[in-house]
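# Quick one: sequence plus predicted model below, questions after.
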Amino acid sequence: MSPRNIFVTVALTAAALGSWYLARQVESDDTSNTAVESPHRGYYLKSARILGTGPDGGLLYEIQAKHAEQRGGDEIVFTDVLINYSPASDVPWIVNADSALLNQGEQRVRLSGHVRALSSEGFSGNDTEIRTPYLELDPVSYIAETDQRVQIRIGARSLTATGMLASLQENRLELKSNVNGKFAP
């Protein structure tokens, strides 16, 4: 082997080792500086059942849903929702909707998509049905409110309006505007 070949072999070996060393340093710096942050996915439940309690700690209402998913840090989204009051609360209303949204720290449940509230002892003691595309329900204070179009059936009577405020415990209803009705004798 000639001195020239020895020199080229040593130079190429040194270059290979140097590039390997530098590549290893760059790779190790990249992995140490880049923390792997997995997105917070929250929880996901099938056939969810959430119980709400009153000020005395007793069962006040129950939210049942086909699915419940935590989004973000403080938001829970429900699908195929049914809300029942406990028999002890003496509020004979059942509320169902396609979906609901509940934010941590808030009592109001925002219901949307074919919202329907039913009671066999509703307003004026008659079977009552309330339908609307959107409804905010405060289950602790028994208040239901919407600014959307609402259809109400009380016995044989029917009403439509834009906006409503209802106290489910007191069976009291206030329509906000554009009230139209049909009353059978």
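Thanks, I have the structure now. Numbering: from 1, shown residues only.

# Tell me, how many residues neighbour residue 120?
Residue 120 sits with 11 neighbouring residues when counted by other Cβ atoms under 10 Å. In this view, the C-beta of every residue, glycine as well, is placed from N, C-alpha and C.

# mind checking the SS state of the residue nearest in space to the middle of the chain?
For the chain, residue 77 is the residue whose C-alpha lies nearest the centre (Cα atoms, centre = their mean; 2.0 Å). Following DSSP: H, G, I helix; E, B strand; the rest coil, we place residue 77 in the strand state.

# ditto for residue 47
Under three-state DSSP, residue 47 comes out as strand.

# Give the burial count for the nearest residue to the residue nearest to the centre of the chain once chain neighbours are set aside, as a bare number.
Once flanking residues are discounted, residue 77 sits nearest to residue 69: 5.2 Å by Cβ to Cβ, 6 or more residues apart in numbering. With neighbours defined by other Cβ under 10 Å, the count for residue 69 comes to 16.

# for residue 124, same thing?
Here the number of neighbours of residue 124 (other Cβ under 10 Å) works out to 11.

# How about the helix or strand hosting the residue nearest to residue 77, which residues are buried there?
Per DSSP states H and E, residue 69 falls inside strand 59-71. Buried residues in strand 59-71, counted by 16 or more other Cβ atoms under 10 Å: 60-61, 63-65, 68-70.

# And the residues you listed, which two are furthest apart?
60 and 69 (23.7 Å; Cβ to Cβ).

# Can you give the domain ranges for the protein?
Domain segmentation of the chain under automatic domain parsing yields 1-36, 44-182.

# Which of those comes out lowest on mean pLDDT?
Mean pLDDT is lowest for domain 1-36 out of the domains of the chain, coming in at a mean of 66.

# one step back: just send the buried residues of strand 59-71 back as a markdown table, with distance to residue 4 too.
Shown next, in a markdown table, are those (distance: Cβ to Cβ, whole Å):
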| residue | distance to residue 4 |
| --- | --- |
| 60 | 92 |
| 61 | 90 |
| 63 | 84 |
| 64 | 85 |
| 65 | 80 |
| 68 | 76 |
| 69 | 71 |
| 70 | 70 |
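
# Please identify which of those residues is nearest to residue 20.
Closest to residue 20, out of all of the buried residues of strand 59-71 and judged by Cβ to Cβ, is residue 70, at 46.5 Å.

# That closest one contacts residue 101, doesn't it?
No. Contact criterion Cβ atoms under 8 Å: residue 70 and residue 101 do not qualify, at 11.5 Å.

# quick one: common contacting residues for those two?
The contact sets of residue 70 and residue 101 overlap at residue 76 (Cβ atoms under 8 Å, 6 or more residues apart in numbering).
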